[in-house]
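Student: sequence plus predicted model, see below.
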Amino acid sequence: MTNLFDVIPAGFFNNLASGSSSRVYSDCLQVIYDQYDREISYRIARSRLRDAIAVYLLENHVTAEELAEEGESGARNYQDMANAVLRRFCAKEIGWLEEDSDDATYEKHIIMTEQGIRLAEFLEQLKKPEREEFSGYIFHIYNILRSEDPWSRDPYAEGLKNVYRSAKLLAKALKRLSTFIKKIIERMVQEETLESLTENIIEYCEGSFVREYARLTKQQNIHIYRTFIKGKLTDIQNDAELFGRLVSGCAAEEGLRGDEAEDQVLEMLQATRQFLTEDYDQIMREIRHKINLYLQIAVGRARFLRNREANIRGSVERTIRYLAEEMDDIGWKEELPAEAAGLFLLERHEFLDTASVRFPRRQQTVPNETFAQLEEMTREDVEKAKAAQEQEAFNPYSKEKMKAYLEHILGEKKRLESDSLPLESRRDLLRALSAAAYGPENGYEVRPLDGYLETQNLLLRRFEIVKKE
């Protein structure tokens, strides 16, 4: 097996090791990568990169001593410092860049290596993770299986391999989403003020994963596409002629023997069907559970903070108790006048009644196992079940309904503040929050405003909805 360090240069990660210049070097690599954004290739004039790095060093007040290596003297100006950075990145032991000269003009150019490109993209992904459209993976799989062209030309490379890759990407994305929600819950427990907690709840409601997750629930009819996909994968496996072409294509594409190619095709079909049948539902249940847990923690934390700030009585009682204990120790209590003695009677005699006693719950008995024979559903039963599923999947707060709601509320106006929205009931509050969450997708811009408004025993950050031109 090939080792990573047999492919990359020996000092590939040296510039990112713990040290005083690691932050500067990572930013310089990102500056260089951004310069190639509008180019047709990863080859650009050296002078252009030098000037871009010099501007970064100047704006961030980077000194020559920070970049000077052991045994080197400090550069005289920012262009010299930028040239030193380029020389270091082009060094053979680093290998992020390569230097080349034009045969016609003899102008020096910088080429970003393949490993350097992947490293820059990895650092950018860590710093600013891209938003993923989870439902797009399902639609992509559905479109591939529905189309006849990929399966008639090259069923393995253009068909099954794309389906398998999309299923794996969706699985990884959902696992990252589940982990991300867990981190939010851990961060919520450490909130200190009611204001910061409210900001966190607003960030959650406007979070990038909420809308993408909603499109995967039954309310958005994703289960219809999954049913088709699972049935189509079963048909492909049972089609002997098509399965044989898949095995032949896998053997030619991956360089495998016939039996190895057959095992890999079966593994890809079964793994994709297993994910869409069982693993997908399990992951979605876990995500739903964590979202509910997050909201419970947020509301509970908000109540705790409010009660803690308003618990003046408890603070006064603790203070008086502390004073009474000190007076007992030093003997001041005997010297108090009789009318002041009642101030320190903190212990009260109370009693228990039957209303304050909690009786243990009766343990439920486990019923006996029952068995029933399968019965084939009639057309009428199928129609009833279909109508029941459609009624269950009805979403009064979908993107389309929220767009019509905003158009009705705004009318001819271009701007609307949250104070003008109807918030008399819980249904009105959910409408307002859903309209704000789907606002950017419906052609509206949601801007936070100063202050908060209280409704339905909740504090919400004030905002305004502006219609985009």
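Tutor: Cool, got the structure. Numbering: from 1, shown residues only.
Student: show me the domain layout of the protein.
Tutor: As assigned by automatic domain parsing, the chain contains the domains 4-127, 134-310, 396-467.
Student: how about the ones you listed, which one is nearest residue 390?
Tutor: Of all the domains of the chain, domain 134-310 sits nearest to residue 390, with 9.1 Å by CB to CB. Heads up, the C-betas are built off the backbone N, CA and C, glycines and all.
Student: could you give me the average pLDDT of that closest one?
Tutor: Here domain 134-310 scores 77 as its mean pLDDT.
Student: can you start the count at 453 instead of 1 from here on
Tutor: From this message on, residue numbering opens at 453, which makes the last subject domain 586-762.
Student: quick one: residues in contact with the top strand by length along the chain.
Tutor: Taking DSSP state E as the criterion, the chain has its longest strand at strand 896-907. Outside strand 896-907, the residues that touch it by CB atoms under 8 Å, 6 or more residues apart in numbering are 650, 654, 658, 858, 869-871, 875, 881, 888, 891-892, 911-920.
Student: where exactly do the helices run in the stretch 753-902 of the chain?
Tutor: According to DSSP state H, counting those that start in this stretch, the stretch 753-902 of the chain carries its helices in the segments 764-782, 831-845, 851-862, 878-889.
Student: could you single out the most deeply buried of those helices?
Tutor: Across the helices of the stretch 753-902 of the chain, averaging neighbours per residue (mean count of other CB atoms under 10 Å) puts helix 878-889 on top, at a mean of 18.
Student: now that helix against helix 851-862, angle please.
Tutor: Here the directions of helix 878-889 and helix 851-862 differ by 100 degrees (axes from the mean of the first three to the mean of the last three CA atoms, to 10 degrees).
Student: other SSEs contacting helix 878-889?
Tutor: Where contact means 3 or more CB pairs under 8 Å, 6 or more residues apart in numbering; DSSP states H and E, helix 878-889 is packed against helix 646-657, helix 851-862, strand 910-919.
Student: the same query, at a cut-off of 6 Å, please.
Tutor: Counting contacts by 3 or more CB pairs under 6 Å, 6 or more residues apart in numbering; DSSP states H and E, helix 878-889 is packed against helix 851-862.
Student: how far off centre is the helix it packs on?
Tutor: 27 Å (CA atoms, centre = their mean, to the nearest Å).
Student: check which helices and strands it sits against.
Tutor: helix 878-889.
Student: same thing but at 8 Å, please
Tutor: strand 867-869, helix 878-889, strand 910-919.
Student: where do the strands of this protein begin and end?
Tutor: In the chain, the segments counted as strands under DSSP E are 495-497, 549-553, 560-564, 867-869, 896-907, 910-919.
Student: would you list those in a markdown table and tack on mean pLDDT, mean neighbour count and distance to residue 485?
Tutor: Shown next, in a markdown table, are the strands of the chain (pLDDT from 0 to 100; neighbours: other CB atoms under 10 Å; distance: least, CB to CB, whole Å):
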| stretch | mean pLDDT | mean neighbour count | distance to residue 485 |
| --- | --- | --- | --- |
| strand 495-497 | 88 | 15 | 11 |
| strand 549-553 | 89 | 15 | 11 |
| strand 560-564 | 90 | 19 | 7 |
| strand 867-869 | 84 | 15 | 39 |
| strand 896-907 | 82 | 14 | 30 |
| strand 910-919 | 82 | 18 | 34 |
